[in-house]
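Trainee: starting from these lines, generate the structure:
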Amino acid sequence: MIAGSAPGARKLYTCANHCHRRMTSCATGVTNWFLIIAIVLTTVTSRCCEGAQYVAPGDCTWNHIPQSSFDVSLKCQLRTITPSGLNFSLIQTEHTISLEITCDDVPLSESRLENGSLSHLRFLKALSVENCKLQQLTGGALHGLQQLRNLSVRTHNNDWGAHSLALTHESLSSLKHLEKLDLGFNYIAQLPQDLFCPLASLKHLNLTHNRLSDFGSFGLIDPATGQLCLQELQRLDLSYNHIQVLSETGVASLKSLQALYLQNNRISELAELSFSALKKLHKIDLSNNLLQTIPSRTFRESEELKELHLQNNSLTVLPAGLFSGLSKLLILDLSHNLIGSEWIFPETFADLIRVVVLNLGHNRVKHVNGSTFQNQYSLQILYLNHNEIDHIGDNSFASLYNLHTLVLTGNRLKNVNAFTFNGLYVLSDLSLADNELSKLDDNAFRNCSNLQNLHLNGNLLSEVPVAIQALRSLRSLHLSDNGIKVIKNSSFGGGHQHLMVLKLSGNELTNLTRGTLKELPALQRLDLSWNRINALDHGVFDDAPTLRQISLENNFLSDINGLFMNLNNMEYLNVSHNRITWFDYALIPRSLERLDIHHNEIETLGNYFELESALQLEEFDVSHNLLKEISGSAIPNRIKRINLSDNRIRVVHQFTFMAKHNISFVDLRNNSLQTLDINSFRLKAITVNKQSPEFYVSSNPYYCDCTMEWLQRINSLDTSTRQYPRIVDLEQVMCSLPFVRHNQLVPLTKANSSNFLCKYKSHCFALCHCCDFDACDCEMMCPENCTCYYDQTWNTNVVDCSTKQYQAIPARIPMDVTALYLDGNDIYTLTSHTFIGRKNMKQLYLNNSNIHQISNRTFNGLVYLEVLHLEYNQLQVLHGFEFDSLHYLKELHLHHNRIHSINNNTFIHLKSLQVLHLEYNSIVEFQMWTFNHNTKLAAVYLSNNLWSCRCEFMDEFQEWSRVYAPVVHDAHHIRCFVNSTYVGAYIAEFNTTLCVTNSMNGTAVVPNRTTGQIVSFLPNAFLRDYLILILLALCLVLVVCLLMVVLCVYRKELKVWLYSKYGVRLFHSRRYAGPETEKLFDSFVSYCKKDEAFIAQILAPELECGHPPYRLCLRYRDLPMSGYVAEAITEAIECSHRTIILLSEHFLKSEWCRFELKAAHQESQCNKNHRLVVVLLDKNNLTELDADTRMCLRSVPVIHWGDRRFWEKLRYAMPPGRGQLKPMNCPDVRASLEFKRAVNNMKAV
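Mentor: Model prediction:
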């Protein structure tokens, strides 16, 4: 049995053994899995803890990278990068994969990146250095950053003068895995040849905003092979550099390049094979360069090109085949060039079959025909704006059946016919603005039935084109700035069910009748501004109930009643710059949110139906109207912004803004506000998370009395409850104060609280019980003819009795007076105890009141008096008792009196005295040492007195003034007088060693400081009494002298002007006073025959037919031409008062003319009443005179033709008029004379 069972047992054993091994193996596997999970959890926990415990250095902040829970991005804001600044070794190596360093914009602050300073950041993948003024980037600065993928270094050195970032061939050698490199804004002019060769993985290179000028300085050349590096580069940005030429080898070897940016350089030349090897190029940007032409094969090999930007160059020619092979091009921009129609051939764009956007705007295209865009059936957007297009051929756009936007703005189109836009079935946007269209064909848009936006503004249309009636899908129509005068009910016939925007501004509309908008049921925006509309039919807008915005500004509307009330969807209404005189909130729909009615003539914001709570109005501009007051009912409760400036508002009622919970802006500038109650600006408590409303209140004529003191403190009022707005322009608020002697208009914030005063006649305090009785001290009664002021707390009580002709201190001055003004009266004597009981008085003005005497204890009771003005009076002696009770007096003004004697005890009791004025008196001597008792004295004025020149006194005076030099403010103007009559030396120049005492009177004699001679004294009394008269006499003499000089210089012009204006001959001798009536002619006119036209057409008509008329004898008109000519000329000269010589070049060459000149000269010598008058045609003729002619013309008046006032000067040289009327045969030549005068004046100018 056992033997038989041995195989089974063996099998069973084997199975058991196998199971044991399997169980052991499973247990071991489970144990291993538990170990792995534990290790992972430990690692994760460790990494999480490490991430949570990441510590950034000072000036740095860190954030987790979104894609990873363990990696960190670090940002550092530094002043500069220096070894003494941030220690980069403090940056944790683990987890830091991105580092951004930004420096402050501090001029002339250099940064330095030391070698190896970042080498420990071995996991760093992105590094950015922004605005740090690095001068160089050495090879070791980036050592150790083997994992770096993205590097950006932008120093902005162009803000730092001529400094640029210098790089060596080893600067980037360790960055083998770099994929993106940005070196823009570094002012780099040249780079090492092999700088980028180690960067085999570089995909994007940005070198924008540098000074690179050619491709040889780009660092792309391997010196070993001479070939370009960066074979894997996909994107190259070289914009904003100084590149001038793009050669064939420039970027030819960058075979993987997909995008090339060369805009904003100075490229003027492109090699024909510049892009021949760039098979993968998708985008080229050559905009904003200096290109004038491009070789025809430039883009031939770039078959993958999708975007080409050539705008803003100077291209004039598009050579044939330039765009051949570019069948995948989607965007072509040729705008802002000089391309004309003559260079656009049928084959120019033939291969651009997939182009979607074509921009030819701002060129010189003059016409478009059917072959221009015949192959661009994929074109969707075409810009032809701002060209010179004056003709578009029929079916020119027929092949553009995918075109949805066509812009023809700013051309010279005069008409559009029925076939101009044929084939544009999907066109949705068409702009024909700013052309010269006066009419459109009625079928102009029959094939553009899907047109949604049509711009016809800026043309010459006189009516709404009938052609638009076919546009049933139209959503916006712009007809502004045309000459449309009338809109008929049929203008929009046919039904524009989808039209939402209609703009008709800048036309000549005068009215709009009801039914005009009946065919526009979907209209939402209507612009009728800048027309001449003076009336609108009631309910004219009711046919368009969906209207949301209406603009009617700059028209002549005077009434808007019945226009908008039924527009329940209305949101915006503008009726500014009209003539509206009446307004009520019932005139506008409740849904309105923005209302503009500025520049009208509205006097009241009416609210008859009390709609302030129902209205939705949020923005309201009612500036530049005639509003006089504002109340809470005049402003809707939901208002946020309201402009009330430039009105005539005088009153803002209390709690006007209390219920305006959303208010944020109020403008009350340029109104007539004089006073404001504190509750006028009171608001409902503002929540903490909401800003205080901003009010503008400046440029008003505020009168800052005691009720306005709160305005000065409004920005700090009640900060806990926040129930007042913030006055933004509080610093600009100016106000006039009730009582200010000088400069009544002051800035509000600069005014003292004691300046905010109100007037009163009488006042009785609540605790005063004797006001009904006489002699009540607590009753405030203003004296007769005086004006009294108080502040809100009654801490200031001013009594103004200035210039009231009082001869004594008025009775019943209020006991609580703080400032009393009695200046400008005639009070001879101040009696004792005059001011008793006025213990609160701090200022007393008694100046200029003719006071001769101050009695003992006059100021008794003025315990707290601080300022006392007694200047400009007649005080002569101060006995010492006048100010003994004024212990708190700070300022004492005694200047401009006649004080000659001061007791030594006068100022001893003034312990608080700071300022003392004693100048302009007659003080001879005073013991200066008494001022030692006035320990607080800061300023004393002693000049212009009769200080004694006695050596002993001057020695003491100078010693005291030397000790108290900072106190004596007019020390350099103090001088002594001898016997109070003669001027002596200045105290500051007195030298005791040179003082010689006169044996008789002890007078000081001071040597002159410059010559060493004795000073000569002048009588002081004479100077004081007659100085003003002397100065006035000198000024009068000076004025007379100036007048005489002016008269001498302009005597000729003055004489001519007086004669022409009033007929007065000034400074004329008697021999020329009147005419010899027996003479036959007033003047003989001598001239050359060749100058007869000037005489006959200009000179003779003016003198013979003018006023007064003169009788002339003309040489070639009135004298015989044969016979005894010489005798006739001599006789004619003798029979004339004057001889007019027309001196010209022809005259000087004529012998007869010279004879006439000599004859006239001889007559003037024989007859003193006969004078020669020379009319000079050309000033150059004076240089051609010979000796005889010069002698004849000596002392003869010469009048230049073309001079200003030529005719006045000539008439002045003529004898006085005879007074007769002009001859009967005188032609009416007024018109011609006026023309001649105009010609003469033009010559004069």
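
Trainee: where along the stretch 951-1100 of the chain do the strands fall?
Mentor: With strands called from DSSP state E, counting those that start in this stretch, the stretch 951-1100 of the chain shows them at 975-978, 982-986, 1081-1086.

Trainee: list the neighbouring strands of the last one plus their orientation.
Mentor: This points to strand 1081-1086. strand 1112-1114 (parallel), strand 1136-1143 (parallel) (DSSP bridges).

Trainee: and the helix or strand containing Glu1104, what does it pack onto?
Mentor: Element membership for Glu1104 (DSSP states H and E) is helix 1100-1105. With contacts taken as 3 or more CB pairs under 8 Å, 6 or more residues apart in numbering; DSSP states H and E, helix 1100-1105 sits against strand 1112-1114, helix 1206-1213, helix 1230-1244. In this view, the C-beta of every residue, glycine as well, is placed from N, C-alpha and C.

Trainee: repeat the analysis, applying 10 Å as the threshold.
Mentor: Packing contacts for helix 1100-1105, counted by 3 or more CB pairs under 10 Å, 6 or more residues apart in numbering; DSSP states H and E, involve strand 1081-1086, strand 1112-1114, helix 1206-1213, helix 1230-1244.

Trainee: quick one, helices of the protein?
Mentor: Using DSSP state H, the helices found in the chain span residues 2-52, 709-712, 951-963, 1020-1049, 1051-1062, 1092-1094, 1100-1105, 1115-1118, 1125-1134, 1145-1149, 1151-1166, 1187-1192, 1206-1213, 1230-1244.

Trainee: that older thread, lowest average pLDDT across the helices and strands packed on helix 1100-1105?
Mentor: Note on those: helix 1230-1244 shows the lowest mean pLDDT, a mean of 42.

Trainee: mind checking pLDDT for the residue nearest to Asn785 when sequence neighbours are not counted?
Mentor: Closest residue to Asn785 apart from its sequence neighbours, by CB to CB, 6 or more residues apart in numbering: Lys804 at 4.7 Å. For Lys804, the model assigns a pLDDT of 90.

Trainee: return the residues in contact with Lys804.
Mentor: Pro783, Glu784, Asn785, Cys786, Thr787, Pro810, Tyr821, Leu822, Gly824, Asn825, Asp826 (CB atoms under 10 Å, 6 or more residues apart in numbering).

Trainee: which one of the strands paired with strand 1081-1086 lies nearest to Pro521?
Mentor: Nearest to Pro521 among those is strand 1136-1143 (85.9 Å), distances taken as CB to CB.

Trainee: for the protein, name the helix or strand with the lowest mean pLDDT.
Mentor: Using mean pLDDT, DSSP states H and E, helix 1230-1244 stands out as the lowest-scoring helix or strand of the chain, at a mean of 42.

Trainee: just to revisit the earlier point, roughly how far is the helix holding Glu1104 from the heart of the chain?
Mentor: Put simply, helix 1100-1105 sits 59 Å off its chain's centre (CA atoms, centre = their mean, to the nearest Å).

Trainee: model confidence over it, on average?
Mentor: For helix 1100-1105, the per-residue pLDDT averages 84.

Trainee: ditto for stretch 1176-1195
Mentor: On average, stretch 1176-1195 scores 70.

Trainee: kindly report the same for stretch 600-609.
Mentor: 96.

Trainee: before we move on, what about stretch 957-976?
Mentor: pLDDT averaged over stretch 957-976 gives 89.

Trainee: ok now it, how far from the chain's centre?
Mentor: That offset, for stretch 957-976, works out to 52 Å (CA atoms, centre = their mean).

Trainee: what is the end-to-end distance of that stretch?
Mentor: Length of stretch 957-976, first residue to last, CA to CA, to the nearest Å: 10 Å.

Trainee: which of the residues in it are buried?
Mentor: Phe957, Gln958, Trp960, Ser961, Val967, Val968, His969, Ala971, Ile974, Arg975, Cys976 (16 or more other CB atoms under 10 Å).

Trainee: out of these, which is nearest to Thr796?
Mentor: Using CB to CB, the buried residues of stretch 957-976 come closest to Thr796 at His969, 30.0 Å.

Trainee: sorry, back to before: next up, phi/psi of the residue nearest to Asn785, please.
Mentor: According to degrees, to the nearest 10, the main-chain angles of Lys804 amount to phi -110, psi 10.

Trainee: so which of the contacts of Lys804 are in strands?
Mentor: Thr787, Tyr821 (DSSP state E).

Trainee: show me the two of the contacts of Lys804 that sit farthest apart.
Mentor: Thr787 and Asp826, at 19.0 Å, using CB to CB across the contacts of Lys804.

Trainee: of those two, who's got more company?
Mentor: Thr787 (18 against 14; other CB atoms under 10 Å).

Trainee: that one contacts Tyr821, doesn't it?
Mentor: Yes - between Thr787 and Tyr821 there is a contact at 9.2 Å, judged by CB atoms under 10 Å.

Trainee: touching both of those two, which residues are there?
Mentor: By CB under 10 Å, 6+ apart, the residues touching both Thr787 and Tyr821 are Phe739, Val798, Val799, Asp800, Cys801, Ser802, Lys804.

Trainee: that concludes my questions; thank you for your assistance.
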